[in-house]
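[1] 3D model of this:
(chains A and B)
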Amino acid sequence: MEVYLPIAGLPINFFILMFLGLVVGFLSGMFGVGGGFLMTPMLILMGIPPAVAVASEANHILAASVSGFLAHMRRANVDFLMGFILLIGGVFGSLIGVFLLKYLLSIGQEKLFISLSYIFILVFVGLWMLTESVSSIKKKYKGKKNKLHEHIWLHGLPFKIKFRKSHLYISILPPIFIGLLVGILSSIMGVGGGFILVPAMIYILGMPTQVVVGTSLLQIVFVTTVSTIMHAYINQTVDVVLSSLLLIGAVVGAQIGTKAMGLLRGEQIRFLLAIIIIIVASILIGNVLVTPEEAFIVETYKEVQ
Amino acid sequence: MKSFLYFLFIVFLINGANAREALLSQVLNEDINITASFDGAKIIVYGAIDPKLYNDSVIIITILGPRSKLKVSKKKKYFGVWLVSANNTKLLNAPGYYAMATNNTNFTIADSTLLKENQIGWENIQINTANGVSLKEDKEDYKNILKLFYKKRNLLVLEKSGIDMFEGTLFRADFELPGITPIGEYKVNTLLVNKEGTLLSSWHNNVKVTKGGIGAYLYDYSKEHSFLYGIFAALGAILLGFTASEIFRRI
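    Coordinates of the predicted model:
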């Protein structure tokens, strides 16, 4: 059964889309990540125009992260003040990303840029997670207790405020900067940014783990809202048929994934996720290095006014 | 299908005025709607020729899709990475779809002006570049590039034996349109040409391919009210997420 995607302008198999949503949803439920960094490359590999894949994926992540955010809010695991500070940077970052994509679309290099960003981020995150999980599997028996958080120079910057929920008294500049970075990545790569935001909040800001996921979801909800609206407004690349279909599979997959998570230990989960990330990165590296099947790109164009 | 064609033939005979015509041609579906479940469609051309002309003439059907502006860019390798070259060639009026079929594989037409005038065959289609350089002078063979590109996407159909004949007078040809076929007006030309290369008769029909259903509505809305479309897309996603979380809280 084929479904016609109106904005992408092509028909795609309904069951393949469901299956993709299910698999990525399963992984996101299991690993606690949004799954955008797996979904967007998959959509691009399926032939969906990269700009449409990125923008529709932002819309899909919005829906997925709302349900996650609500669950954390009910358990009072959200630091709203920190979320708000992150958002200041995040919203600006998202706007920068949308306009950057508009520029890349106008010079026709969006596909390469999106691929290269993915390769860079996925290789970096994948290798980091791999070494981290391997060393924690090794260290498992030592049972060394960590300090609540390390105090580094970043926390000594001006404009300090008190974050009660996170038990922190730090400058607002690092959270704004992190928010900005994640906002840019979010709108040019079609990811929520949780896989960068969560480690940054733990290791750089020193936030307690239990409020990190809920607070990062708050940031993701708002940033993806902004990037959905702006992508639709500036680039007209949000395909709601695509994003809604992905969501159906993803919601079910996430529930199964959450249950499956109980069967594995934390460091084993991170090890598996690292392997998956490295596989996706290798496929993308292959795609930019291997001689393309077609030496030319033919596309319709509009006159720029 | 055969009985349907016989029925047409009877109608054709009864209509005395038409019986003197050498060629009659019609399209079965003049409006094709791309809906949410669109998986490609068919343009079906049928008609009849004067049976006396069957042995020494050929029927040629061409379909020219809507003309569109195309940009052709070359991929180049820089520092080991494949990039899209910034230099591109803009084609002003390339047809978004092209098909040609005949009923006789052995028939060759020597008269190239006839072929050119009626744009029979991919090599006889007129395509102009935006910078005024003719396609032949350019260093890249854009026509061939486009041919390969279209062939791969089933946007180019060249079938020398694509027309089926019945009883030496009725004919029918089916043309598949792929799911990515562009919207707009498709010009269907049916020609009857004799051995000497003279055009005996020709028919022109139009097929309109439109986007329909919810897909068309969404597409138009995203272009015309892009800001509101974005707001609704975001609100819809929030609502979907909320519903999903409520459903799974209860299970």
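
[2] Please identify the nearest residue in space to residue 77, excluding sequence neighbours.
    The chain I'm using is chain A. If you skip the residues right next to it in sequence, A:Asn77 has A:Gly214 as its closest partner in space, 3.8 Å away by C-beta to C-beta, 6 or more residues apart in numbering or on different chains. (Each C-beta comes from the backbone N, C-alpha and C, glycine too.)

[3] Please refer instead to chain B.
    In space, B:Lys77 comes closest to B:Leu83 once its chain neighbours are excluded; the distance is 7.5 Å by C-beta to C-beta, 6+ apart.

[4] Just list the residues touching the one you found, thanks.
    A:Gln109, A:Leu112, B:Lys75, B:Lys76, B:Lys77 (C-beta atoms under 8 Å, 6 or more residues apart in numbering or on different chains).

[5] Buried ones among those residues?
    The neighbour-count criterion (16 or more other C-beta atoms under 10 Å in any protein chain shown) marks A:Gln109, A:Leu112 among the contacts of B:Leu83 as buried.

[6] which residues of the stretch 201-305 of chain A score low on pLDDT?
    Under the criterion pLDDT under 70, the flagged ranges of the stretch 201-305 of chain A are A:261, A:301-305.

[7] For it, which residues are neighbours of chain B?
    Residues of the stretch 201-305 of chain A lying near chain B by C-beta under 8 Å from any C-beta of the partner chain: A:221, A:224-225, A:228-234, A:236, A:238, A:240-241, A:243-244, A:247, A:251, A:255, A:288-292, A:294-303.

[8] Now with 7 Å, please.
    Neighbours of chain B within the stretch 201-305 of chain A, by C-beta under 7 Å from any C-beta of the partner chain: A:225, A:228-230, A:232-233, A:236, A:238, A:240-241, A:243-244, A:247, A:251, A:255, A:288-289, A:292, A:294-301.

[9] Strands of the chain, residue ranges please.
    Assuming you mean chain A. For chain A, the strands defined by DSSP state E occupy A:2-5, A:10-13, A:160-163, A:168-171, A:296-300.

[10] wrong one, I was asking about chain B
    Using DSSP E, the strands of chain B run over residues B:23-27, B:31-34, B:41-49, B:57-64, B:67-78, B:81-95, B:98-102, B:156-159, B:163-166, B:170-177, B:184-194, B:199-211.

[11] just so I know, which of the ones you listed lies nearest A:Asp79?
    Ranking the strands of chain B by proximity to A:Asp79 (C-beta to C-beta) places strand B:81-95 first, at 41.4 Å.

[12] what is the rounded mean pLDDT of that closest one?
    Summarised as a single mean, pLDDT over strand B:81-95 is 78.

[13] From the chain's centroid, how far away is that strand?
    22 Å (C-alpha atoms, centre = their mean, to the nearest Å).

[14] send the alpha carbons of that strand over as PDB?
    The C-alpha trace of strand B:81-95 is given here as PDB (Å, rounded to 0.1, in the frame of the first residue of the first chain):
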ATOM      1  CA  VAL B  81      34.000  13.900  -0.900                       C
ATOM      2  CA  TRP B  82      31.200  14.100  -3.500                       C
ATOM      3  CA  LEU B  83      29.800  17.600  -3.700                       C
ATOM      4  CA  VAL B  84      27.200  19.200  -5.900                       C
ATOM      5  CA  SER B  85      28.900  21.500  -8.300                       C
ATOM      6  CA  ALA B  86      27.800  25.200  -7.900                       C
ATOM      7  CA  ASN B  87      27.700  25.600 -11.600                       C
ATOM      8  CA  ASN B  88      24.400  24.300 -13.000                       C
ATOM      9  CA  THR B  89      22.500  24.600 -16.200                       C
ATOM     10  CA  LYS B  90      18.900  25.700 -16.200                       C
ATOM     11  CA  LEU B  91      16.500  24.200 -18.700                       C
ATOM     12  CA  LEU B  92      13.500  26.400 -19.400                       C
ATOM     13  CA  ASN B  93      11.000  24.100 -20.900                       C
ATOM     14  CA  ALA B  94      11.800  20.500 -20.400                       C
ATOM     15  CA  PRO B  95       8.700  18.200 -20.400                       C
END
